[in-house]
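Colleague: Can you look at this prediction? I've put the sequence above it.
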Amino acid sequence: MFEAANLRQGDTVFNDPIHGHISLPKKCVDIINTPEFLRLRLIKQLGATYEVFPGAAHNRFEHCIGVAHLAGIFATFLQRQIDDELKCKSEGGSCDATAFTKEMRITKEDIICLQVAGLCHDLGHGPMSHVFETRFAKKFIKTWDHAEVSCQLFDQLLENNERIQFSSTDRAFIKRLIHKSKTDELTPEKKKAINEETGRPAEKNFLYQIVSNDNNGIDVDKFDYFARDCYQLGFKNNFDHNRLIKFSRVIKVGDEWHICYRDKQVEDIYHMFLSRVILHRRACQHKTVGMLERMYMEALVKANDSYRLQLRKGGPVKISDTLGNMEAYVKLTDNVFNDIRNYPGADKNKDLKAAQDILDRIDTRRLYKLVGEAIPKSEKDGAQPKFKLTDDSEKDETTIIKGVAEYSKDPEQLKEEDLFVDITDFNYGTFEGKKGQNPVDSVYFYNKPIKNGPYQAFHIEREDVSSLLPNVFAEKHIRLYVKNSAKLDKARDSFISWCEDKDLNGKWRHLKEVNYATAADTTA
């Protein structure tokens, strides 16, 4: 564990079940006590996972506080590392030969900005968290991005609260830490402009790898949600983020400074990314969770044209109209589903009645039924796949539903509107321009220098770690659901036929075996 920092005047102590007693500076506490941040108490961290795993009742609120705490811990560790070596050099002592410069010094203001970025990085999430973005918001605004909305809400938060003051450069720095923080693939001119805008020299660009790291995905956001989500779900979390921070070091790679990790931590880092996959497979993207979230979003879409969110100022607004109106968006939380359930006069409105019917099915556990699951073959399997998914999930889902419906022996009994498809993406972490690739290939490592020589950063190839490690780091699963349980058998027959024709892998093969076994038992 890290030593507790001395309490500064104005700090507030929180007792957190994951990190113990943590302290945050007054600026963070002032931000917490605003409507923009307090709304996170009403947004479940794992969305509908709570309805499958009863312990997953935690919210974005406590996760963001945890991320702020870890951002401070990580930054303070690197601050001491840099300060100690610069002090050692100035005194002529024997110290590690890292070419740190005084421009790299991490200031108290830098650390507060990092904590604020950790605190505000999820302000933009809507009801049910991530699924709101993919299944609702992007239907109306294709470029909608919860990280960009987090920055907009941060701006609104500052405008509405004069007691919270940041310089223009600190404000720009915090927003860069939250969103679009990948600096090593920008042009030199763009990097220079960002450095001027944020008031931070290029030597401090490694700070963008702490809160939201698009370079390789190792950041304090993951550190907190691994620990917190596993704790709430009742899963065992064997990844130790405190140890990884202890073995971190800032090293120059080419013209950029990067946060690097000790080479002996490479297996722990692979385990961290594997833990992410397991967490998503077992809980976040559990087959029932995916179906529940789809039902919630269907209800939201159906209610959108008729339901009105009541505001103190500006009058009632449609749900979709809040996406470009931050004053209204602050009022949009998980509570919207209860509002739809109890909306007056809904029985006289076709759309609202349809939305309430879906929510009633959730409340009485009359859920859609999973027909089966299939996995498209990849070219790495050694053959040319007969069916390929594209980057357009909506188009793929339509194609699959149409294809399965065509195999129905009784088209009148199984129609396209009876089905829906969820294309689930399991991966070790997707980063800009590196989708499906091994994230550890983007991590820099170091080892102990000989006789206080300079630290050298390098990559470690997968084959040099273990031949037991995977060579595929992303796959998509096709899950087919039927809305009417009476049509489940017909849907399964059609799905099996479609999967056979497309030569897909997956659990659908077991459905076929079960059907044959049932037929054999009947004959006997």
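Modeller: Great, that's in hand.

Colleague: Just the mean pLDDT for the lengthiest helix in the chain, thanks.
Modeller: As assigned by DSSP state H, the longest helix anywhere in the chain is helix 60-90. Mean pLDDT, helix 60-90: 94.

Colleague: could you say what helices and strands that helix packs with?
Modeller: strand 12-16, strand 20-24, helix 35-38, helix 108-120, helix 220-233, helix 241-246, strand 248-253 (3 or more CB pairs under 8 Å, 6 or more residues apart in numbering; DSSP states H and E). Backbone N, C-alpha and C define where each C-beta goes, glycine included.

Colleague: what about 7 Å?
Modeller: Other helices and strands packing on helix 60-90, by 3 or more CB pairs under 7 Å, 6 or more residues apart in numbering; DSSP states H and E, are strand 12-16, strand 20-24, helix 108-120, helix 220-233, helix 241-246, strand 248-253.

Colleague: right, and those - which one's nearest Ala405?
Modeller: Closest to Ala405 of those is helix 220-233 (CB to CB; 36.1 Å).

Colleague: thinking again about what came up before, tabulate the helices and strands packed on helix 60-90 in CSV, adding columns for mean neighbour count and mean pLDDT.
Modeller: As requested, the helices and strands packed on helix 60-90 are exported to CSV (neighbours: other CB atoms under 10 Å; pLDDT from 0 to 100):
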stretch, mean neighbour count, mean pLDDT
strand 12-16, 13, 95
strand 20-24, 17, 95
helix 108-120, 24, 98
helix 220-233, 22, 97
helix 241-246, 16, 97
strand 248-253, 20, 95
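
Colleague: so which of those comes closest to Glu133?
Modeller: helix 220-233 (15.9 Å).

Colleague: Before we move on, what's the pLDDT of the residue most central in space within the chain?
Modeller: Centroid-nearest residue in the chain, with CA atoms, centre = their mean: His130, separated by 7.1 Å. Note on His130: pLDDT of 93.

Colleague: For it, which residues are in contact?
Modeller: Counting by CB atoms under 7 Å, 6 or more residues apart in numbering, His130 touches Gly47.

Colleague: that older thread, can I get the helices and strands packed on helix 60-90 in JSON lines including distance to Arg361?
Modeller: Compiled in JSON lines, the helices and strands packed on helix 60-90 are given as follows (distance: least, CB to CB, whole Å):
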{"stretch": "strand 12-16", "distance to Arg361": "37"}
{"stretch": "strand 20-24", "distance to Arg361": "41"}
{"stretch": "helix 108-120", "distance to Arg361": "36"}
{"stretch": "helix 220-233", "distance to Arg361": "25"}
{"stretch": "helix 241-246", "distance to Arg361": "40"}
{"stretch": "strand 248-253", "distance to Arg361": "49"}
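
Colleague: Which one of the ones you listed lies nearest to Asp321?
Modeller: That would be helix 108-120 among the helices and strands packed on helix 60-90, by CB to CB, at 23.5 Å.

Colleague: Direction-wise, compare the closest one with strand 20-24 and give the angle.
Modeller: Interaxial angle, helix 108-120 versus strand 20-24 (axes from the mean of the first three to the mean of the last three CA atoms, to 10 degrees): 120 degrees.

Colleague: So what touches helix 108-120?
Modeller: Contacts for helix 108-120 (CB under 7 Å, 6+ apart): 24-25, 27-28, 31, 64-65, 67-68, 70-72, 75-76, 79, 150, 154, 170, 173-174, 177-178, 207, 210-211, 220.

Colleague: Please repeat the previous calculation with a cut-off of 8 Å.
Modeller: Under the contact criterion CB atoms under 8 Å, 6 or more residues apart in numbering, helix 108-120 has outside partners 24-25, 27-28, 31-32, 37, 64-65, 67-72, 74-76, 79, 150, 153-154, 157, 166, 170, 173-174, 177-178, 200, 204, 207, 210-212, 220-221.

Colleague: need the next SSE after it, C-terminal direction.
Modeller: Using DSSP states H and E, the next helix or strand after helix 108-120 towards the C-terminus is helix 130-132.

Colleague: since we're on Lys190, how many residues are nearby?
Modeller: Neighbourhood size, Lys190 [other CB atoms under 10 Å]: 11.

Colleague: again, but for Leu323
Modeller: Leu323: 20 neighbours (other CB under 10 Å).

Colleague: Same check on Gln81?
Modeller: For Gln81, using other CB under 10 Å, the count is 17.

Colleague: okay but it is in contact with Phe247, surely?
Modeller: No. The pair Gln81 / Phe247 is not scored as a contact, 11.3 Å apart, by CB atoms under 8 Å.

Colleague: Against Ile164, how distant is Asn447?
Modeller: Distance, Asn447 to Ile164, by CB to CB, to the nearest Å: 44 Å.

Colleague: Same question for Thr12.
Modeller: Plainly put, Thr12 is 15 Å away from Ile164 if you go by CB to CB.

Colleague: How confident is the prediction for Ser378, by pLDDT?
Modeller: On pLDDT, Ser378 comes in at 80.

Colleague: Cheers, nothing more for now.
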